[in-house]
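only geometry, no sequence info:
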């Protein structure tokens, strides 16, 4: 039989992952199959070539075992183990695994006890109140299903930023090695615009010989657009988007008697501008950073000369809100601090969980004393150029109070106040809970304000505007949590925060050394929200942030 195309192989491997997950056993195996399926969907080199040249293990997440599965799927369109798994569960049941919070055991019970065998049947059963009366399921699960069905549909086919980054990096490397004649291989699309979830992956490259612009054969998940040098700027502009931004530029071009198309900006038969900068200039605009191109108000700001200077990775001088093995991190305070210093930062703000976070090894008062003693020892060793700042991520309790007595809270350099439970309070109660925490003079930063986890759970209901106004009033910084599963506060609220007078704090919420590098995703969100460096707390130098924190403590002492 003829070999199977990469799109089908990726789909089969994803099915294999889902059926393996339902079977149970090692959960990492199913995740590995799923990641490999994502990688296949973003291949820049034909799958047949990789199979023929025994190069499948070059694909991110593909080892020898998965390479063998992919080879069989490619050559035969199936696999013996997959066929065996197919006899156990109908195909429609797999759809239910996409609903956030719906574990495999609950999916199996829904199928076996209620006969629910598809996403549509699941939605109907939830709306008909059939789930809440079933033993072992109940009203809580039914409510969660109804809430998260929309989340499952909205996130379908979209990737978290860090995952998209890995796939695009591999695609770029593959293109450069397989087609060295291509120049300016550039990432475009949602990723270039810094979207919190990435749909189609897109790359633009300059080819020596091409008719205006064309596309390389690729997969459904990856589009590779080729252009010659003269038309490269327009190709990159259109591949980056957004559609709303392009539409605004086209309207401006029409007003000036020009025409903006994917092959360039034209005036009559004359091509104007080969690069993006040239196209914007010809339209009477300064260059608009890709992260701002959402068709909101960036063009109007550009016309007025009021585009913000966006924060960059290089502007950040320190890291706040990180965890160690004293709570639920994987590394010691010393190891995390040294890794931060090696990355060129001037300070490391430890913020382990507080005592009420039993699930995360929250710190007792005695453990706080021990950690502060260790921080003092390390600070003497580091000298004047680097410092560990003593912080805590204090749980915001149900009534809005912080997790320690005032005499304990006064011992910290800074306090990140965060909600980690009681997500189902109504909007008014949840808002009041946050407002009380913000008004506590010990609070320095509000952590992951809405509690959302992308493609896992929506944020809890709060009056975001009221919370932001309170942060500005009480000089409490708003966290841009840089963990790619959070990216909270949502960038769409950043401008409102700035208008009210809030400072922002870009924090990795790192629990390990690699997670320190999540800072970049927080910068992307801040840039997308129009945040300048002078409104970012941890863009302050070490002397500046020490002075800022001392002033906060003096204010606290006066209030006491």
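That came through fine. Given the structure is predicted, the values throughout are model-derived calculations rather than measurements. Numbering: from 1, shown residues only.

Can you list phi and psi of residue 279 for me?
According to degrees, to the nearest 10, the main-chain angles of residue 279 amount to phi -70, psi -50.

List the residues that contact it.
Contacts for residue 279 (C-beta atoms under 8 Å, 6 or more residues apart in numbering) come out as 233, 234, 237, 249, 260, 264, 265, 272, 273. (C-beta placed from N, C-alpha, C; glycine too.)

make it 10 Å
233-234, 236-237, 249, 253, 258, 260, 264-265, 272-273, 285, 287 (C-beta atoms under 10 Å, 6 or more residues apart in numbering).

which ones are touching the closest residue to it other than its chain neighbours?
Among residues not flanking residue 279 along the chain, residue 273 sits closest, at 4.3 Å (C-beta to C-beta, 6 or more residues apart in numbering). Contacts for residue 273 (C-beta under 10 Å, 6+ apart) come out as 230-231, 233-234, 237, 260, 264-266, 279-283.

Ok, residue 374 next?
So residue 374 contacts 324, 326, 332, 333, 334, 337, 350, 388, 390 (C-beta under 10 Å, 6+ apart).

all strands for the stretch 251-400 of the chain, in order.
In the stretch 251-400 of the chain, the segments counted as strands under DSSP state E, counting those that start in this stretch are 259-261, 264-267, 270-272, 318-322, 347-353, 387-395.

Dump those strands to JSON lines, plus mean neighbour count.
Listed next are the strands of the stretch 251-400 of the chain as JSON lines, based on neighbours: other C-beta atoms under 10 Å:
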{"stretch": "strand 259-261", "mean neighbour count": "18"}
{"stretch": "strand 264-267", "mean neighbour count": "20"}
{"stretch": "strand 270-272", "mean neighbour count": "14"}
{"stretch": "strand 318-322", "mean neighbour count": "26"}
{"stretch": "strand 347-353", "mean neighbour count": "27"}
{"stretch": "strand 387-395", "mean neighbour count": "25"}
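
Contacts for stretch 135-150, please.
Under the criterion C-beta under 10 Å, 6+ apart, residues 96, 98-103, 105-106, 109-110, 113-114, 119, 122-123, 125-134, 152, 424, 455-458 lie in contact with stretch 135-150.

Take the contacts of residue 279 and lay them out in CSV including distance to residue 38.
Converted to CSV, the contacts of residue 279 look like this (distance: C-beta to C-beta, whole Å):
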residue, distance to residue 38
233, 31
234, 30
236, 25
237, 27
249, 32
253, 37
258, 40
260, 34
264, 34
265, 36
272, 40
273, 36
285, 37
287, 33
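
Now, these that are in helices?
Among the contacts of residue 279, DSSP state H puts 233, 234, 236, 237, 249, 253 in helices.

In contact with the closest residue to the third one other than its chain neighbours, which residues are there?
Using C-beta to C-beta, 6+ apart and skipping residues adjacent in sequence, the residue nearest residue 236 is residue 204, 4.8 Å away. Listed by C-beta under 10 Å, 6+ apart, the contact set of residue 204 reads 184-189, 192, 213, 223-227, 232-233, 235-240.

Selection in ChimeraX covering whichever of those are buried, please.
Here is the ChimeraX selection string for the buried members of those, based on 16 or more other C-beta atoms under 10 Å:
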select :185,186,187,188,189,192,213,223,224,225,226,227,232,233,235,236,237,238,239,240
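
thought residue 258 was touching residue 252?
Yes - in this structure, residue 258 is within contact of residue 252 by C-beta atoms under 10 Å, at 8.5 Å.
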